[in-house]
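A.B. asks: need a structure here:
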Amino acid sequence: MKDADARALLRDLFDAALAAAQPATCLAPHIAGLRPPTGKTIVIGAGKASAAMARAVEEQWPHALEGLVVTRYGYGEPCRRIEIVEAAHPVPDEKGRAAAGRILARVKGHGPDDLVLCLISGGASALLALPAPGLTLADKQAVNRALLRSGANIGEMNTVRKHLSAIKGGRLAVAAQPARVLSWLISDVPNDDPGVIGSGPTVADRTTFADALAVLAKYRIDPPAAVRCHLEKGAGGGIEETPKPGDPRLWGVETIVVATPQRSLEAAAALARRRGLEAVVLGDNLEGDARMLGAEHARRAVDHALRGGKPTVILSGGETTVTVRGKGRGGRNVEYLLGHAIAAAGTSGIWAIAADTDGVDGAEEIAGGLFTPDTLSRARALGRDPQAMLDDNDGHTFFEMLGDNLVTGPTKTNVNDFRATLIAP
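C.D. replies: The predicted structure is shown next:
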């Protein structure tokens, strides 16, 4: 296969995955089936897809509503009746804290004839940054930065976040009682656990204060004194736990996952088959160290290439982790991709793409990147050592210097990472 054709195919697969998770599309059947309450409809939400979700609700549901949604800077959408606030992600800022406080206040004081419609997607954990009593925004920022560098997975990070929050881990739904609470979620987490998506502000929480302390201990994170005191007090029973499964305050809460990473992978696989390729989906819940997973996938691809056969694309999703030891510019997708390229060692007929479906890999406005059979040789011709750059967690610089980084701008959705390896010997 020609290089230009391989590159175009990989980008088409990524675009097919994005299209399957666009809020206007995936929300449509749920909006059509939603009957208006006899009382008010209050729309609230948070996440990188939440503004696009709010716009879809406004445009497709002809009934009265009002509301407030917080999304990442640059991810806003024009809405008339739902206020859109933009705030920082992945480290929260004051605008996110203020918006979260307003959202919590907005769901209170309604009756059983009112509907609170919650639109939650990935990114809500940082955007709903309302500290628990006794904690400050600076406390949450410090813990967030440490977790992002630690190698903790998303479930572990959100276990801590829930127990430092006044709104996450089901507390938002409790505050909305006795109104009816309906949550529509776009999943960006392995296994689509509603309690992990956005730290589950309307979902019962199975984790505890003791679990949060265990995560900090596992990754040797020394939090601010107020954070440690808060978690230890909670573990000792001095602070009320998050609502657990079976809590009667959550009996009337309905939760629906409207878009998932698996559906996006299936859309990409269907396109690959229409283009005459074999498509293998490894799963939407792959986790672990990013560079190690990249190397594992490279070994699989090299073995397939050496055996020959029909051109094949190998697809996967999930959320890998990166333990930051260097000083470079990186994210989990470019870390995976550079590890993949090094292990593939220039084997002919192998290309790959890895990108975050929200358009942001790490903290950069770069979705991910793409490698080709000559990636390593082109880098060395520029005098750069791929392994040294990987060791410095400098994946963005690596693919940027080759012109192989992937910049999409805000995608207005978020169904986790998308990875595709094309073997066309």
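A.B. asks: how is the protein divided into domains?
C.D. replies: The chain breaks down by automatic domain parsing into domains covering 3-17+262-423, 34-259.
A.B. asks: measure the shortest one end to end?
C.D. replies: Read that as domain 3-17+262-423. End-to-end distance for domain 3-17+262-423, by C-alpha to C-alpha, to the nearest Å: 12 Å.
A.B. asks: just how off-centre is it within its chain?
C.D. replies: Distance of domain 3-17+262-423 from its chain centroid, counting by C-alpha atoms, centre = their mean, to the nearest Å, is 17 Å.
A.B. asks: when you give positions from now on, start the count at 36
C.D. replies: With 36 as the first residue, the last one maps to domain 38-52+297-458.
A.B. asks: give me the mean pLDDT for that domain.
C.D. replies: The average pLDDT for domain 38-52+297-458 rounds to 96.
A.B. asks: sketch out the low-pLDDT regions of the stretch 86-235 of the chain for me.
C.D. replies: Within the stretch 86-235 of the chain, no stretch has pLDDT under 70.
A.B. asks: any chance you could map the helices in it?
C.D. replies: In the stretch 86-235 of the chain, the helices defined using DSSP state H, counting those that start in this stretch lie at 129-141, 159-162, 172-185, 189-197, 206-211.
A.B. asks: tell me which residues of the first one come out buried.
C.D. replies: Looking back up the chat, that one is helix 129-141. By neighbour count with 16 or more other C-beta atoms under 10 Å, helix 129-141 contains the buried residues Lys130, Gly131, Arg132, Ala133, Ala134, Ala135, Gly136, Ile138, Leu139, Arg141. Quick note: C-beta positions are derived from backbone N, CA and C, even for glycine.
A.B. asks: so what touches the helix or strand encompassing Ala54?
C.D. replies: For Ala54, the enclosing helix or strand under DSSP states H and E is helix 38-55. Defining contact as C-beta atoms under 8 Å, 6 or more residues apart in numbering, one finds that helix 38-55 is touched by 36, 60-61, 294, 298-303, 305-307, 310, 348, 350, 386-388, 390, 392, 405, 407-408, 441, 446, 448, 450, 453, 455, 457, 459.
A.B. asks: can you give me the strands for the stretch 136-285 of the chain?
C.D. replies: Taking DSSP state E, counting those that start in this stretch as the test, the strands found in the stretch 136-285 of the chain are 150-156, 215-221.
A.B. asks: how about TSV for those strands, with mean neighbour count and distance to Asn368 added?
C.D. replies: Converted to TSV, these look like this (neighbours: other C-beta atoms under 10 Å; distance: least, C-beta to C-beta, whole Å):
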stretch	mean neighbour count	distance to Asn368
strand 150-156	29	18
strand 215-221	26	19
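A.B. asks: export those strands as a markdown table, with columns for distance to His65.
C.D. replies: Formatted as a markdown table, the strands of the stretch 136-285 of the chain follow (distance: least, C-beta to C-beta, whole Å):
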| stretch | distance to His65 |
| --- | --- |
| strand 150-156 | 10 |
| strand 215-221 | 6 |
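A.B. asks: mind checking the ones you listed for the one nearest to Lys75?
C.D. replies: Closest approach to Lys75 among the strands of the stretch 136-285 of the chain is made by strand 150-156 (7.3 Å; C-beta to C-beta).
A.B. asks: other SSEs contacting the helix or strand that contains Ala307?
C.D. replies: Using DSSP H and E, Ala307 maps to helix 296-309. Applying 3 or more C-beta pairs under 8 Å, 6 or more residues apart in numbering; DSSP states H and E, we find helix 296-309 packed against helix 38-55, strand 313-316, strand 347-353, strand 452-458.
A.B. asks: between the strands of the stretch 136-285 of the chain, which one is nearest to Met436?
C.D. replies: Minimum separation from Met436 across the strands of the stretch 136-285 of the chain (C-beta to C-beta) falls at strand 150-156, 32.5 Å.
A.B. asks: coming back round to it: of the contacts of helix 38-55, select the buried ones using a PyMOL command.
C.D. replies: The buried subset of the contacts of helix 38-55, as determined by 16+ other C-beta under 10 Å, is captured in PyMOL by this line:
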select buried, resi 61+294+298+299+300+301+302+303+306+307+348+350+386+387+388+390+392+405+407+408+441+446+448+450+453+455+457+459
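A.B. asks: list the buried residues in the helix holding Ala54.
C.D. replies: In helix 38-55, counting by 16+ other C-beta under 10 Å, buried: Ala41, Arg42, Leu44, Leu45, Arg46, Leu48, Phe49, Ala51, Ala52, Leu53, Ala55.
A.B. asks: give me the distance between the last one and Thr295.
C.D. replies: Right, the one you point to is Ala55. 9 Å (C-beta to C-beta, to the nearest Å).
A.B. asks: repeat for the fifth one
C.D. replies: Taking C-beta to C-beta as the criterion, Arg46 is separated from Thr295 by 22 Å.
A.B. asks: now the second one
C.D. replies: Distance of Arg42 to Thr295, computed by C-beta to C-beta: 27 Å.
A.B. asks: got it, and the first one?
C.D. replies: To Thr295, Ala41 is 27 Å away according to C-beta to C-beta.
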